[in-house]
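*Asks:* Provided below are the primary sequence and the corresponding predicted coordinates.
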Amino acid sequence: MKGSSSYKLRKMASLVPIWLLICGLFAAASTGLASTAETGNLAFEKNSVVWDVTSSQNLTLKINITDVTDLMGIVLSVHWDPTYLNLSAITPGDLLPTGMPEATGWVYTMKYAAGNLSEAANTFLPGNGPVSVSQPDWGWVMTLTFEFVGTAPPPGSPIETDIMIVDEPDADMDTVWTDNVPAIHDFDKLDDPRIHIVSTEIVPEFPLAVVMLALFMIVALVVVVFKKKRRGI
């Protein structure tokens, strides 16, 4: 059964060879003689979002990359505040293939309680790739979909929270990319909040009852004014 513990164990076991392959490819890259100078930009497509949490739509954020040459693989981690948000879906982009035989496909660890997507990794397999992207173009890495799990704020008191691309403190691999030399590269300005932190302002929608009451009061006021004007004629 799909939801059973044995199914989950089999699914996790099936990912072990791919994860070992990814680790091996990045380990091989770390022995390369090429420069590992910081280069490339990894960023959300937006740097701020105003989100009405009482609407039926979830929050979707695209992660893009640019200024990379001969990219073969990428690893990234994302952090958010689990008090307010839950990562409900991950949509692979078209920068790297989503699976074999061209690439390993995305493998990652979810830490829901901590609000972490850890070590999301994908890399071209031998004989495929690489890919290069430079400004003004951006390559689509993935799209994250968040749902609101907190208590909706009262009108006029929005919540501000951040969603960040980070180096995972306890991870085996940092947020990096590898080329075809191979060599591992850090990203430029990974700590720059203008590029790598999305400031999400969570605002409530006015309840329908409040809206209807306001409309009723406006209509009543118009009727009263109209009657007074007619009496004055």
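*Replies:* Now that the structure is in, tell me what you want to look at. Note that the structure is predicted; figures quoted are calculated from it, not measured.
*Asks:* So, low pLDDT: which residues of the protein?
*Replies:* The chain contains residues with pLDDT under 70 at 1-22, 24-25, 27-37, 169-171, 191-195, 205-233.
*Asks:* same thing but 80
*Replies:* 1-38, 54-56, 168-173, 189-196, 205-233 (pLDDT under 80).
*Asks:* Pull out the buried positions in the longest strand out of those in it.
*Replies:* Longest among the strand segments of the chain by residue count, using DSSP state E, is strand 68-80. For strand 68-80, burial by neighbour count (16 or more other CB atoms under 10 Å) applies to 68, 71, 72, 73, 74, 75, 76, 77, 78, 79, 80. Just so you know, the C-beta spots here come from the backbone N, C-alpha and C atoms, and that holds for glycine as well.
*Asks:* which SS state does the closest residue to the fifth one other than its chain neighbours fall under?
*Replies:* Right, residue 74. For residue 74, ignoring the flanking residues on the chain, the nearest one in space by CB to CB, 6 or more residues apart in numbering is residue 177 at 4.5 Å. Assigned by DSSP: H, G, I helix; E, B strand; the rest coil, the conformation of residue 177 is strand.
*Asks:* Which members of the buried residues of strand 68-80 define the maximum pairwise distance?
*Replies:* Largest separation among the buried residues of strand 68-80 by CB to CB: 72 and 80, giving 28.2 Å.
*Asks:* Which residue ranges of the chain form helices?
*Replies:* 5-30, 193-196, 208-231 (DSSP state H).
*Asks:* coming back round to it: so the residue nearest to residue 74 bridges to which residues?
*Replies:* Note on residue 177: beta-bridge partners by DSSP bridges are residue 74, residue 185.
*Asks:* Show the contacting residues for it.
*Replies:* 40, 42, 65, 68, 71, 73, 74, 75, 184, 185, 187 (CB atoms under 8 Å, 6 or more residues apart in numbering).
*Asks:* So the third one versus residue 145, what's the distance?
*Replies:* From residue 65 over to residue 145 the distance is 19 Å, taken as CB to CB, to the nearest Å.
*Asks:* Comparing those two, which residue is more hemmed in?
*Replies:* Legend: neighbour count by other CB atoms under 10 Å for residue 65 and residue 145, higher for residue 65 (22 against 15).
*Asks:* Surely that one is in contact with residue 74?
*Replies:* Yes - assessed by CB atoms under 8 Å, residue 65 is found in contact with residue 74 at 7.2 Å.
*Asks:* Next, show the common contact partners of these two.
*Replies:* 42, 95, 141, 177.
*Asks:* Would you quantify the distance from the third one to residue 113?
*Replies:* Spelled out, it's residue 141. Note on residue 141: its distance to residue 113, by CB to CB, is 25 Å.
*Asks:* Quick check on these two: which one has the bigger neighbour count.
*Replies:* residue 141 (23 against 7).
*Asks:* What is the burial count for residue 85?
*Replies:* As a burial measure, residue 85 scores 23 neighbours (other CB under 10 Å).
*Asks:* If we ignore the residues flanking it in sequence, what's nearest it?
*Replies:* Using CB to CB, 6+ apart and skipping the chain neighbours, the partner closest in space to residue 85 is residue 146 (4.7 Å).
*Asks:* cool, and residue 111?
*Replies:* residue 118 (5.9 Å).
*Asks:* ok, now residue 143?
*Replies:* residue 91 (4.1 Å).
*Asks:* Quick check, that neighbour in contact with residue 141.
*Replies:* No - at 10.3 Å, residue 91 does not count as touching residue 141 under the criterion of CB under 8 Å.
*Asks:* Need the overlap of contacts for the two.
*Replies:* By CB under 8 Å, 6+ apart, no residue touches both residue 91 and residue 141.
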